[in-house]
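A.B. asks: give the three-dimensional model of this entry:
(one chain, ligands or ions: 1)
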Amino acid sequence: MEFKSNIIIEPFRIKSVEPIKKLSKEDRALALRKAHFNLFKLSSDDVLIDLLTDSGTSAMSALQWGEIQKGDESYAGSSSFAVFEQTIRDLTGYKHIIPTHQGRAAEKILFQTLSKRYSGITPGKIPNNSHFDTTRANLEVAGFEGIDLPCEEFFNFESDFSFKGNMNLEKLEVLLKKFGADQIPIGMLTMTNNSCGGQPVSYKNIEETSRLFKKYKIPFYLDACRFAENVAFIRKHELPDLTPTEIAKKIFRLADGCTFSAKKDALANIGGFLATNDDDLVEDFTSLLILTEGFPTYGGLAGRDLLAIAQGLREILDEDYLEYRLAVTRYIGKKLDALKIPYLRPAGGHAIYLNAKRICDHLKWSEYPGQVLALSLYLEGGIRGCEIGSVMFGKKVDGSESAHPSELVRLAIPRRVYTQSHMDYCCEVIAYVAEHRAKLSAARIVKQPKQLRHFACEFTWPMN
Ligand code: F0G
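C.D. replies: Residues are numbered from 1 along each chain as shown. Here you go, the predicted model:
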């Protein structure tokens, strides 16, 4: 006899808890008014279930908190850095490890340094399956042009293709052939692909992408923020006989370096790094690091953060953890399927993306269906998600507005924070809002900044 369960349980028990408070609908309406109907402006005290981001919101383990006590805060030669460096080197195989306060600082150092090297190219092109918004902003500030090449399968939100985060290899080769190493300083690949539904990239696609960049002699960098979730998908669909660590090691070794936000798959609340094998670039990276982040043995971090990140990286590739992590979004997806609520299929690694264009199909893009859905989830149930549609991307640099191809609401799941009943509750709220969708009215923008308007713009919205 051997008991086998079909239930994937949380592979941890809870030792320290934080209360969350359910406000009345009237109080939530008041909070929304005070925030000018922008969910970024809510006080987190007024949020019941916060699915705004999975970044920096992980619950650290007892071992990580233990490491926090051990941090060596020496300015130079910190022993905590030695542990951080060795852990990352073992995992990635990269020669130079440069600590930064978060992912975007690594991006800034990478692109500013390349821009000095490539000052003759106007503008150099940097392809990626899809650049995350800070990556794009950083490379544009450095004078480069970001090129997104998501695979064709991504655009069919209803299909269940397992690797919708893939690079479009045909389009990549056309680009590489046309511009070559002279006009393409580096190539990138983001795994999982956050701008495309948290969808994973297949091992085969990473390998082919690497081969193409090599063929054209272009250095290849990974945006590896959610590498472990990507590994879990590869293990599930492609390489079941390898351990997560074996897969991760193979992937990192296909590239020449990476940018990394430790706020995701290092289970830390802050941190990041830039890693490279390039001996030529490292001196310039380090100079800029000292100028803007700190001495190379701490970067933008405290010694204790370096240790918490190292410990997080040791935990993240645990088979049980990864199985549980993918089970969370899959569980929500199955519930939404049963309720016939459209979302970007299949469920992503770190988030579920509700298809607001279809749920609120009575609203035009200029009435911001994604924002309306996100506001409704908060008003009815205290859930905070994030619009990814025409509010976030509809305004062009010249000030004009046009429809974004998709109107989504991202519900990002913080790591090890919420339980299954929290997710059941979220699905109940989503079902209620979807059932009453005909009553949802347009949101209008009444005030907005020139750039990154979604963080600060103000709306009016009739709360029905
Ligand atoms: N790359 C990707 C793919 C990201 O998702 C993020 C952050 C970054 C880079 C930047 O890292 O925040 O440490 O500076 N994504 C967060 C999110 C903010 O909510 O998706 P960072």
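
A.B. asks: ok, I316 touching K264?
C.D. replies: No. Contact criterion CB atoms under 8 Å: I316 and K264 do not qualify, at 9.2 Å. For the C-beta atoms, the positions are set from N, CA and C on the backbone; glycine is no exception.

A.B. asks: neighbour count winner among these two?
C.D. replies: Neighbour count, other CB atoms under 10 Å: between I316 and K264, K264 has more, with 30 against 26.

A.B. asks: now do the same contact list for the more buried one.
C.D. replies: 54-55, 225-226, 350 (CB atoms under 8 Å, 6 or more residues apart in numbering).

A.B. asks: what separation do you get for it and L313?
C.D. replies: 11 Å (CB to CB, to the nearest Å).

A.B. asks: tally up the residues packed near the one residue in the chain that gets nearest to the ligand, please.
C.D. replies: Residue nearest to the ligand within the chain (CB to the nearest ligand atom): G103, separated by 2.6 Å. Counted with other CB under 10 Å, residues neighbouring G103 total 26.

A.B. asks: how about the helices in the stretch 151-300 of the chain?
C.D. replies: Ranges of helices within the stretch 151-300 of the chain are 169-183, 203-215, 227-237, 244-252, 279-292, based on DSSP state H, counting those that start in this stretch.

A.B. asks: check the offset of the first one from the chain's centre.
C.D. replies: What it means is helix 169-183. Its chain's C-alpha centre lies 26 Å from the corresponding centre of helix 169-183 when counted by CA atoms, centre = their mean, to the nearest Å.

A.B. asks: the second one now?
C.D. replies: With CA atoms, centre = their mean as the basis, helix 203-215 stands 22 Å off its chain's centre.

A.B. asks: tell me what that helix is packed against?
C.D. replies: Counting contacts by 3 or more CB pairs under 8 Å, 6 or more residues apart in numbering; DSSP states H and E, helix 203-215 is packed against helix 169-183, strand 187-190, strand 220-223, helix 244-252.

A.B. asks: and the residue nearest the centre of the chain, what does it touch?
C.D. replies: Centrality entry for the chain: nearest residue to the mean C-alpha point is N194, 4.6 Å, by CA atoms, centre = their mean. Residues counted as contacts of N194 (CB under 8 Å, 6+ apart) are 130, 132, 225-226, 350.

A.B. asks: swap the cut-off to 6 Å and go again
C.D. replies: F132 (CB atoms under 6 Å, 6 or more residues apart in numbering).

A.B. asks: same deal with T53?
C.D. replies: When contacts are counted by CB under 6 Å, 6+ apart, T53 touches A412.

A.B. asks: can I assume it sits in a helix?
C.D. replies: No. Counting by DSSP: H, G, I helix; E, B strand; the rest coil, T53 is not found in a helix; it is coil.

A.B. asks: going forward, the N-terminal residue is numbered 23.
C.D. replies: Renumbered: residue one is now 23, and that last one reads T75.

A.B. asks: report how many residues lie close to the closest residue in space to S232 that isn't next to it in sequence.
C.D. replies: Leaving aside its chain neighbours, S232 sits nearest to L276 (4.0 Å; criterion: CB to CB, 6 or more residues apart in numbering). For L276, the tally of surrounding residues (other CB under 10 Å) stands at 18.

A.B. asks: for L191, give me its contacts.
C.D. replies: Contacts for L191 (CB under 6 Å, 6+ apart) come out as E230.

A.B. asks: rerun that using 10 Å as the cut-off
C.D. replies: 171, 173, 226-227, 230-231, 233-234 (CB atoms under 10 Å, 6 or more residues apart in numbering).

A.B. asks: top of those residues by neighbour count?
C.D. replies: T231 (27 neighbours).

A.B. asks: the closest residue to that one other than its chain neighbours bridge partners, please.
C.D. replies: Using CB to CB, 6+ apart and skipping residues adjacent in sequence, the residue nearest T231 is M189, 4.9 Å away. Taking DSSP bridges, one finds P172 as the beta-bridge partners of M189.
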